[in-house]
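# any chance you could fold what I've pasted below:
(chains A, B, C and D)
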There are 2 protein chains.
Amino acid sequence: MSVRMVILGLLSERPLYGYEIKQIIEEHMGDWTSIAFGSIYFALDKLAAEQFVEKVGVEQEGKRPSRSVYQITERGRAEFMRLLREGWRKFEREYFDVDICLFFLGVLPLDEVKGYLRARRATLQEVLNHIQAHRAEQLAHAEVPRLAGAIFDHSVTHTQAELNWTTDLLEKMETGIYP
Amino acid sequence: MSVRMVILGLLSERPLYGYEIKQIIEEHMGDWTSIAFGSIYFALDKLAAEQFVEKVGVEQEGKRPSRSVYQITERGRAEFMRLLREGWRKFEREYFDVDICLFFLGVLPLDEVKGYLRARRATLQEVLNHIQAHRAEQLAHAEVPRLAGAIFDHSVTHTQAELNWTTDLLEKMETGIYP
DNA sequence: CGTTATATATTCAATCTAGAATATATAACG
DNA sequence: CGTTATATATTCTAGATTGAATATATAACG
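Numbers count the residues shown, from 1 in each chain, chains lettered A, B, ... in the order given. All right, here's what the predicted structure looks like:
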């Protein structure tokens, strides 16, 4: 549902075509979301069928592929607000593949797994550094909305949480508490 | 990929049929994973076509629907180990719908959003209490493998992280730092 | 100036997922 | 004992998602 939310949100500011939406997402939201081309065009089709958006025309620059521009409708604005309310209200549990790997610990040699955990720990530390550096850099530009800080903090918090958990698990494995 | 991993993992212990796999997942892994019927039967079909599992026969108790029992093959065991290695190695960034809602803050009245954040904070605290109680209860039974503790900790860590972030964001909104 | 790389714009096939629909068996209950 | 609820077992459809494939335009570079 977040695909629909992003598209309606961006279209609520001005009319856009598919490729442009992809570009905006990558440029302005790339740190905390990712949506494939297929998903965007699929969602635009569906939203148009539901009359939440409508095709306002087909532009073409020179001989480049023509582009279908969509604008949001009144119904679409209402739907966007509904989706936002739903998004704020719903709390989704998230699942981690690593938990499944851990559940089947014993299938792979223990030392091999410890190696993976050490690598994960290192990667997580790198990711954390990267996010924090990127955060500082982004927020130096005053143009970025203030809330961008909160969104960065979200990533930082969860990455730090994952790093803490990984470090703790590895320590318990190395001192023989686990498995 | 986690669907395949779970199925191959469970089949690596003994032959099972689809519904049984669903039951085991809900009973033993329900706290940290969830797989729908459709996904299980789809994956079994696919795994069979790839010769990672094979149908060993069709049981039937009385006049109940017959059940197709699958067992893992040697190729399947190798594939399972490959998937485990891949699972340990890959680090997947996760995205949160709430970040998108936050990006579009300003569309809904600010007080309404604050209300949602307070509700989220309360829900998160409840979820945290619930996990911790459940964790204590589960680990009291000595039969549960020791690593179950680590998996619970994973949920606890991330739920706590989410709670911390939410609390912080709300505080900044209430003291006027945000938006 | 010719060649290669990159950017523009969309479509498509392949895959995966959730959950309702189906159909029957047993348990529960007054 | 009849009715309702729940458990067993799978199938099926509708929907969603990804990433490659397609086709052209501009930039880069020696």
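# Provide a list of residues in contact with the closest residue to A:Leu163 other than its chain neighbours.
Excluding its sequence neighbours, the residue lying closest to A:Leu163 (Cβ to Cβ, 6 or more residues apart in numbering or on different chains) is A:Leu124, at 4.2 Å. Every residue, glycine included, has its C-beta placed from N, CA and C. Residues in contact with A:Leu124 (Cβ atoms under 8 Å, 6 or more residues apart in numbering or on different chains) are A:Thr159, A:Glu162, A:Leu163, A:Thr166, B:Phe91.
# does the last one touch A:Arg120 like I think?
Yes: under the criterion of Cβ atoms under 8 Å, B:Phe91 is in contact with A:Arg120, at a separation of 6.4 Å.
# who has more neighbours out of these two?
For B:Phe91 versus A:Arg120, the count of surrounding residues by other Cβ atoms under 10 Å in any protein chain shown is larger for A:Arg120: 21 against 15.
# quick one, what contacts that one?
Contact analysis of A:Arg120 by Cβ under 8 Å, 6+ apart lists A:Val98, A:Thr166, B:Trp88, B:Phe91.
# try 6 Å this time
By Cβ atoms under 6 Å, 6 or more residues apart in numbering or on different chains, the residues touching A:Arg120 are A:Thr166.
# pLDDT of the strand or helix carrying it, averaged?
Secondary structure here is read from DSSP states H and E; on that basis A:Arg120 sits in helix A:110-140. Throughout helix A:110-140, pLDDT has a mean value of 94.
# residue nearest the centroid of chain A?
A:Thr33 (2.1 Å; Cα atoms, centre = their mean).
# looking at it, that residue is touching B:Asp97, isn't it?
No: with contact defined as Cβ atoms under 6 Å, A:Thr33 and B:Asp97 do not form a contacting pair (9.2 Å).
# domain assignment for chain A?
Domain assignment of chain A by automatic domain parsing yields the ranges A:2-89, A:97-174.
# near DNA strand C at all, the shortest one?
Same thing as domain A:97-174. No: among the residues of domain A:97-174, none lie within reach of DNA strand C under Cβ under 7 Å from any atom of the strand; the closest is 10.6 Å away.
# is DNA strand D within reach of that domain?
No: Domain A:97-174 does not reach DNA strand D (Cβ under 7 Å from any atom of the strand); its nearest approach is 14.9 Å.
# from the chain's centroid, how far away is that domain?
Taking Cα atoms, centre = their mean, to the nearest Å, one finds the center of domain A:97-174 at 15 Å from the center of the full chain.
# what's the end-to-end length of that domain?
End-to-end distance of domain A:97-174 (Cα to Cα, to the nearest Å): 22 Å.
# quick check: residues of chain A near chain B?
Counting by Cβ under 6 Å from any Cβ of the partner chain, the residues of chain A close to chain B are A:2, A:5-6, A:9, A:32-33, A:84, A:87-88, A:91, A:95, A:97, A:99-102, A:104-105, A:108, A:116, A:123, A:147, A:150-151, A:154, A:157-158, A:161, A:165, A:169, A:179.
# report the buried members of those.
Neighbour-count burial (16 or more other Cβ atoms under 10 Å in any protein chain shown) applied to the residues of chain A next to chain B gives A:2, A:5-6, A:9, A:32-33, A:84, A:87-88, A:95, A:97, A:99-102, A:104-105, A:108, A:116, A:123, A:147, A:150-151, A:154, A:157-158, A:161, A:165, A:169.
# all the helices of chain A, in order from the start?
All helices of chain A, identified by DSSP state H, fall at A:2-11, A:18-28, A:37-49, A:74-89, A:97-103, A:110-140, A:148-174.
# list residues touching both of B:Phe91 and A:Arg120?
Contact with both B:Phe91 and A:Arg120 is made by no residue, according to Cβ under 6 Å, 6+ apart.
# show me the contacts for A:Leu102.
A:Leu102 sits next to B:Leu147, B:Ile151 when contact means Cβ under 6 Å, 6+ apart.
# any figure for the gap between it and B:Gly87?
Counting by Cβ to Cβ, to the nearest Å, the gap from A:Leu102 to B:Gly87 is 9 Å.
# repeat for A:Phe80
37 Å.
# ok, A:Leu124 next?
Following Cβ to Cβ, the distance that separates A:Leu124 from B:Gly87 is 16 Å.
# and A:Ile100, by the same measure?
From A:Ile100 to B:Gly87 the distance is 7 Å (Cβ to Cβ).
# before we move on, what about A:Ile177?
In this structure, A:Ile177 lies at 23 Å from B:Gly87, with Cβ to Cβ as the measure.
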